[in-house]
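> sequence first, predicted model second:
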Amino acid sequence: MLVKRSDETTLYELPASKLMDLPNHPIKLRRQSLWRVAPADLVEATIAIGGERTTLRRTSTDLWMVGEQPMDEAHAKDWSLFIAQLVEPEVREWVEADDQRYEAFGLTDADQPIKLIIRLTREGRSVDRSMVVGRQGPDATYYAGSEVETGPVVCKVSLDLVEILRQVHAWGL
């Protein structure tokens, strides 16, 4: 069997038995983050919990606004933690590679999950990324749903990510 890494041009020959070691879905081969974006590309983030929304928007002068108010210095420390989580939300574990059982993880509108939508600009066009955070798992992580290159996924995210989303959401209330 011949294989090639995506970042190399060389072909490698491996025994066919190595196929048995591969996971049953490509999501298990993915790095442990939902997405990776440059902080400079972020232009907007919206967090919705139970029908209440907080929107943070970057102005043309690189000033971040919370709703209609400029971000104040009191939120500066939390802001850097929030940005770190936004640009590369860490996945603790991949759970499922589809959205057929979203309700089992508290990811439907009926469960009033936390919804995060980020907007970024890439090569002059607007791109959105989103995540829905549902129930807490037995291991102190939270179930989250998102769309990745291979389709919808369910994963586990950290309590730290969920807490910073709740905290930043409260700024706009």
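Arrived safely.

> stretch 45-54: end-to-end distance?
By C-alpha to C-alpha, to the nearest Å, the extent of stretch 45-54 from end to end equals 8 Å.

> got a list of contacts for that stretch?
Applying C-beta atoms under 8 Å, 6 or more residues apart in numbering, the contact partners of stretch 45-54 are 55-56, 66-67, 82, 86, 112, 114-119, 165-166, 168-173. Every C-beta, even on glycine, is put in place using the N, C-alpha and C of the backbone.

> average pLDDT across it?
Averaging pLDDT along stretch 45-54 yields 94.

> and for stretch 101-116?
91.

> now which of the contacts of stretch 45-54 would you call buried?
55-56, 66, 82, 86, 114-119, 165, 168-169, 171-172 (16 or more other C-beta atoms under 10 Å).

> which ones among these are found in helices?
Judged by DSSP state H, those include Phe82, Leu86, Leu165, Val168, His169, Trp171 as members of helices.

> dump these into CSV; add pLDDT and distance to Gly145 as well.
Below are those laid out as CSV (pLDDT from 0 to 100; distance: C-beta to C-beta, whole Å):
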residue, pLDDT, distance to Gly145
Phe82, 91, 20
Leu86, 90, 17
Leu165, 95, 14
Val168, 93, 20
His169, 94, 18
Trp171, 89, 24
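
> of the residues you listed, closest to Glu13?
Leu86 (41.8 Å; C-beta to C-beta).

> tell me what Val132 is bridged to.
Applying DSSP bridges to Val132 gives these bridge partners: Lys115, Gly145.

> separation between it and Val95?
Going from Val132 to Val95 by C-beta to C-beta, to the nearest Å gives 13 Å.

> ranges for the helices of the protein?
Going by DSSP H, the chain shows helices at 76-87, 159-171.

> select, out of those helices, the one closest to Ser33.
Of all these, helix 76-87 sits nearest to Ser33, with 9.2 Å by C-beta to C-beta.

> so how far is that closest one off the chain centroid?
13 Å (C-alpha atoms, centre = their mean, to the nearest Å).

> contacting residues around it?
36-39, 42, 45, 64, 71, 118, 160-161, 164-165, 167-168.

> just give me the neighbour total for Met71.
16 (other C-beta atoms under 10 Å).

> chain neighbours aside, what residue packs nearest to it?
Trp64 (4.4 Å; C-beta to C-beta, 6 or more residues apart in numbering).

> what about this structure, any weak spots by pLDDT?
22-30, 173 (pLDDT under 70).

> His31: how many residues sit nearby?
Not His; residue 31 is Arg. Neighbour number of Arg31 under other C-beta under 10 Å is 9.

> make that Val148, sorry
For Val148, using other C-beta under 10 Å, the count is 18.

> I figured it hits Arg36, correct?
No: Val148 lies out of contact with Arg36 (C-beta atoms under 8 Å); the separation is 11.4 Å.
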